[in-house]
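Trainee: Turn this into a model:
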Amino acid sequence: MFTKRLLSTIGRRTIRYKARRDPVQIRFAEPPVHYAGPVAFGLTACAGAFVVSAVIYDRNQVSFWERLRQFGGMRGGGPYSRTVTMDDYIAERQVWMQEKWERLRRRVEQLDFLPQDLVRAYVMVEEKILSLSEAEKTLWSLIGINVAIFGCWQIPRLMPFMMKWFTHNPAVPGRSITMITSVFSHQEGFHLALNMVGLYSFGMVIHQHMGREQFVASYLATGIGANVVSHVLSLATRRFRPVMPGLGASGAIYGLLAGTAVLYPHSSVSLIFLPFIPIKMGYALPAMMGFDLAGIMLGWRRFDHYAHLAGASIGLAYMTYGEKYLWRPLVQDVHQIRKNRS
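Mentor: Below you'll find the model as predicted:
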């Protein structure tokens, strides 16, 4: 009877109860851990990111060629009939800019009731936005999302909600969605600034190489995939390392860093722990991965070293094989499905 009461009042811990004769050690079973559900959710989210991006890419390609035909950029053909030339791209950009400026002109005419200084400020902001490249628009949009979520962290009343839905804790079942939301979540200003500098610096290189749709898909998949690996390994090694909630875009940023190292191994970068010494990317990436490996072996708890290593590995693998064996076949399949339905 005493044992039952003891079990009902004590949580998951080890207790020594000294009886009259011999010491008795009572160990309580740990709650079951969950691998399959979160892993399946994470992989499905990664696949969904690529499928949605491929559909958007296919639609954008179709409208691109339709605009060229409409304004005389080409006669006949289709979105996959031939390779896009620089003249085609320049013509498409000119058409796009003409449409944007015309819309801006109409909006300004509708704002004639406002003070001229306010209208002038509005025009300056719109001109700045129009002058941004596609890569800059994508990256600033991602940075804006991260900054907005960081702002929510600074509101004390939202702290319980943010802890529940914007940090991923492998030990808490039923919140697999946090493997996505935590990729955009930063609680500390230094953490946010460091990751956003990495996002803009390395993201610009990768975006220009991939294009918007493939970049967004690979960025999301790398961040989510890094969380999946961290989830599994954190639970698998929970007897040696405490399972702690994680947040941040570091896994995805490591993927961008790895991709940049593949494209430009001889370019230089400064590491956070060696800020004044430029190091070639081909050496910087192994150094940072070695740092995270040491963090795992030595039990450092400041960073999610599992997510860092996973993000770098995913970035290396995708930059080497992903576009050829995943993105291009997927885009072709999506286009063929759309063509068969039309």
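Trainee: Relative to residue 278, how far out is the most centrally placed residue in the chain?
Mentor: Centroid-nearest residue in the chain, with CA atoms, centre = their mean: residue 220, separated by 3.7 Å. Applying CB to CB, to the nearest Å, the value for residue 220 to residue 278 is 30 Å. Where C-beta positions appear, they are placed from N, C-alpha and C, glycine not excepted.
Trainee: One more: residue 223?
Mentor: For residue 223 relative to residue 278 (CB to CB), the value is 27 Å.
Trainee: got the buried residues for the helix or strand containing residue 233?
Mentor: Element membership for residue 233 (DSSP states H and E) is helix 212-236. Within helix 212-236, the residues scored as buried using 16 or more other CB atoms under 10 Å are 212-234.
Trainee: Check which element follows it along the chain.
Mentor: helix 250-263.
Trainee: Off-centre distance for that next one?
Mentor: 11 Å (CA atoms, centre = their mean, to the nearest Å).
Trainee: packing partners for that helix?
Mentor: When contacts are defined as 3 or more CB pairs under 8 Å, 6 or more residues apart in numbering; DSSP states H and E, helix 250-263 packs onto helix 189-210, helix 212-236, helix 281-298, helix 305-317.
Trainee: which other residues reach the third one?
Mentor: Around helix 281-298, the neighbours that count as contacts under CB atoms under 8 Å, 6 or more residues apart in numbering are 241, 254, 257-258, 260-261, 264-269, 271, 273, 279, 300, 302-303, 305-306, 308-309, 312.
Trainee: Could you pick out the buried ones from those?
Mentor: Looks like those have 241, 254, 257, 258, 260, 261, 269, 305, 306, 308, 309, 312 buried, using 16+ other CB under 10 Å.
Trainee: Go through those and name the one with the lowest pLDDT.
Mentor: Of all the buried ones among the contacts of helix 281-298, residue 269 has the smallest pLDDT value, namely 75.
Trainee: Go ahead and confirm that residue touches residue 279.
Mentor: Yes: the pair residue 269 / residue 279 is scored as a contact, 6.3 Å apart, by CB atoms under 8 Å.
Trainee: wait, isn't residue 231 in contact with residue 168?
Mentor: Yes: in this structure residue 231 lies within contact range of residue 168 using CB under 8 Å: 7.0 Å.
Trainee: Please identify every residue contacting each of these two.
Mentor: Joint contacts of residue 231 and residue 168 (CB under 8 Å, 6+ apart) are residue 179.
Trainee: Next, the angle helix 305-317 makes with the lengthiest helix in the chain.
Mentor: Counting residues, the longest helix in the chain under DSSP state H turns out to be helix 36-70. Angle of helix 36-70 versus helix 305-317, following axes from the mean of the first three to the mean of the last three CA atoms, to 10 degrees, is 40 degrees.
Trainee: what's the angle between helix 36-70 and helix 212-236?
Mentor: Angle of helix 36-70 versus helix 212-236, following the same axes, to 10 degrees, is 170 degrees.
Trainee: residues in contact with residue 35?
Mentor: 231, 232, 235.
Trainee: same question, residue 227
Mentor: 42, 168, 179, 182, 183, 246, 251, 307.
Trainee: The third one: which element?
Mentor: Secondary structure assignment for residue 179, by DSSP H and E: helix 178-181.
Trainee: by contact count, what packs against that helix?
Mentor: Against helix 178-181 (3+ CB pairs under 8 Å, 6+ apart) you get helix 36-70, helix 212-236.
Trainee: Can you name every helix or strand that the helix or strand residue 332 falls within contacts?
Mentor: In this assignment (DSSP H and E), residue 332 forms part of helix 328-341. Helices and strands touching helix 328-341, by 3+ CB pairs under 8 Å, 6+ apart, are helix 36-70.
Trainee: Nothing else from me, thank you.
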